[in-house]
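Engineer: Here is a sequence with its predicted model. Questions after.
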Amino acid sequence: MQSILITGASGFIGSHLLNRLYKLHKYNISLLLRKDIKYLNKKINQIIIEDISKVKNFETILPKFDIVIHLAGIAHDKTVKKEDFKLINIDVTSKLVKWAIRNKVKRFIFLSSIGVNGNSSKKPFSENDFPNPKQNYAKAKFSSEKNIISNLKNNSYTKYIIVRSPLVYGNDAPGNFSLLKKWVKSSLPLPFGCINNNRKSIISINNLVSFFLLIIEHPLALNNLFLISDSKSISTKDLVNNMIGDKSHLIKNLPIPKLLIKLLLYSIGKGHLNNKLLESLEINIDKSKDILGWNPPYETYSEINKAMS
């Protein structure tokens with residue numbers, strides 16, 4: 001039975017992945033956490049480190065593992081000091097990679113972000129596109145990607161898999177999807193009725209987890225970068241209308257011109273959401289289909305409906 005270490009397992013993505021992995025009864029699972037999770041089955045080993053950034057040598061706290069899934073990081077960085085952001089999102093990854101090499105980890109799986117490619121796209125992003133990260137989070141992810149590849153591309157034992165994901169949605173998703181969900185649930189009018197010409201690639205938590213379950217064992221995943229998303233892209237108007245669902249008689253998605261929405265977002269201090277809500281960001285997932293035979297098993301509109309329950 002292979003052993004797996006997951007970082008960031010208490011977060012949204014990590015908790016869903018952990019739940020699916022445990023139900024398979026195929027792996028010995030350990031978690032690297034800041035504090036223990038009370039409700040977990042005792043068969044899951046919890047390694048508690050309150051401040052992972054202060055660990056100088058992971059050999060002092062970690063046994064050997066076959067697979068590492070590195071999900072931990074700070075995604076929403078407005079309230080975090082720049083130096084702390086670097087410590088968590090870059091330095092910890094670098095230390096983990098070096099530890100993985102010394103301890104002959106077979107697979108080092110790293111969750112990155114589509115923000116490494118850029119904030120918006122005129123055509124669907126692919127793995128061959130030149131990186132163009134704009135925000136601190138994406139820049140940190142790109143820095144970690146380069147570190148992983150430079151250390152592991154010629155390593156005879158430890159192999160890497162890097163996954164760039166767009167916005168991940170689900171019932172308990174944090175971040176921008178949560179904000180939009182709260183807006184819809186408030187029954188206040190929404191201003192996105194005119195935003196039907198953009199295309200957004202997003203991914204349901206169930207599709208993301210299905211991809212991770214595949215690359216944990218797939219032999220052709222090794223030493224590869226994958227950009228993944230749901231099968232279909234969607235406009236902001238369609239996203240919001242599907243979130244509203246059968247409550248359209250109560251909640252209105254008003255046809256407000258794009259320029260006015262931009263001014264509104266800037267006026268309330270949410271200008272950073274302009275690209276996320278109004279511009280296109282599409283992903284080409286052909287590489288995952290061609291090399292791994294992966295087709296997202298969950299359909300976007302039904303997943304959005306489940307996420308609103």
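Structural biologist: Received the coordinates, thanks.
Engineer: From here on, just use CA atoms for contacts and neighbour counts.
Structural biologist: Noted.
Engineer: Hmm, residue 262 is touching residue 274, no?
Structural biologist: Yes - counting by CA atoms under 8 Å, residue 262 touches residue 274, with 6.1 Å between them.
Engineer: the helices in the chain, which residues?
Structural biologist: Ranges of helices in the chain, per DSSP state H, are 12-24, 82-86, 92-102, 136-152, 175-185, 205-215, 236-244, 258-267, 273-278, 286-292, 300-307.
Engineer: And the contacts of stretch 111-123?
Structural biologist: Applying CA atoms under 8 Å, 6 or more residues apart in numbering, the external contacts of stretch 111-123 come out as 69-71, 125, 129-135, 138-139, 141-142, 145, 162-166, 227, 275-276, 279-282.
Engineer: List the contacts of the closest residue to residue 207 other than its chain neighbours.
Structural biologist: Nearest non-adjacent residue to residue 207, counting by CA to CA, 6 or more residues apart in numbering: residue 296, 5.6 Å away. With contact set as CA under 8 Å, 6+ apart, residue 296 has these partners: 207, 210-211, 229-231.
Engineer: per-residue pLDDT, residue 296?
Structural biologist: Model confidence at residue 296, given as pLDDT, is 98.
Engineer: any idea how far it is from residue 212?
Structural biologist: Distance, residue 296 to residue 212, using CA to CA, to the nearest Å: 12 Å.
Engineer: count of residues packed around residue 5?
Structural biologist: 23 (other CA atoms under 10 Å).
Engineer: what's the distance between it and residue 87?
Structural biologist: From residue 5 to residue 87 the distance is 20 Å (CA to CA).
Engineer: Not counting its neighbours along the chain, what's nearest residue 133?
Structural biologist: residue 116 (4.4 Å).
Engineer: Mind checking the pLDDT average for stretch 165-176?
Structural biologist: Here the average pLDDT along stretch 165-176 is 93.
Engineer: buried residues in that stretch?
Structural biologist: 165-171, 173-174, 176 (16 or more other CA atoms under 10 Å).
Engineer: got a list of what residue 252 touches?
Structural biologist: Residues in contact with residue 252, defined by CA under 8 Å, 6+ apart, are 188-190.
Engineer: Quick check: of these, which has the highest neighbour count?
Structural biologist: residue 190 leads those on contacts (other CA under 10 Å) with 19 neighbours.
Engineer: ok, the closest residue to it other than its chain neighbours to residue 203 distance?
Structural biologist: Leaving aside its sequence neighbours, residue 190 sits nearest to residue 253 (CA to CA, 6+ apart; 4.6 Å). Going from residue 253 to residue 203 by CA to CA gives 23 Å.
Engineer: Which one of these two is surrounded by more residues?
Structural biologist: Taking neighbours as other CA under 10 Å, residue 253 and residue 203 compare with residue 203 leading, 26 against 18.
Engineer: mind checking how far the more buried one is from residue 26?
Structural biologist: From residue 203 to residue 26 the distance is 26 Å (CA to CA).
Engineer: what's the answer for residue 46, then?
Structural biologist: Separation of residue 46 from residue 26 (CA to CA) stands at 18 Å.
Engineer: So for these two, which residue has more residues nearby?
Structural biologist: Neighbour tally, residue 46 and residue 26, criterion other CA under 10 Å: the higher count belongs to residue 46, 20 against 11.
Engineer: who does the more buried one bridge with?
Structural biologist: Residue 46 forms beta bridges with residue 31, as assigned by DSSP bridges.
Engineer: need the contact list for it.
Structural biologist: Per CA under 8 Å, 6+ apart, neighbours of residue 46: 30-33, 36-37.
Engineer: same question, residue 274
Structural biologist: 262, 265.
Engineer: swap in the one 3 residues further on?
Structural biologist: Each residue near residue 277 by CA under 8 Å, 6+ apart is listed here: residue 236.
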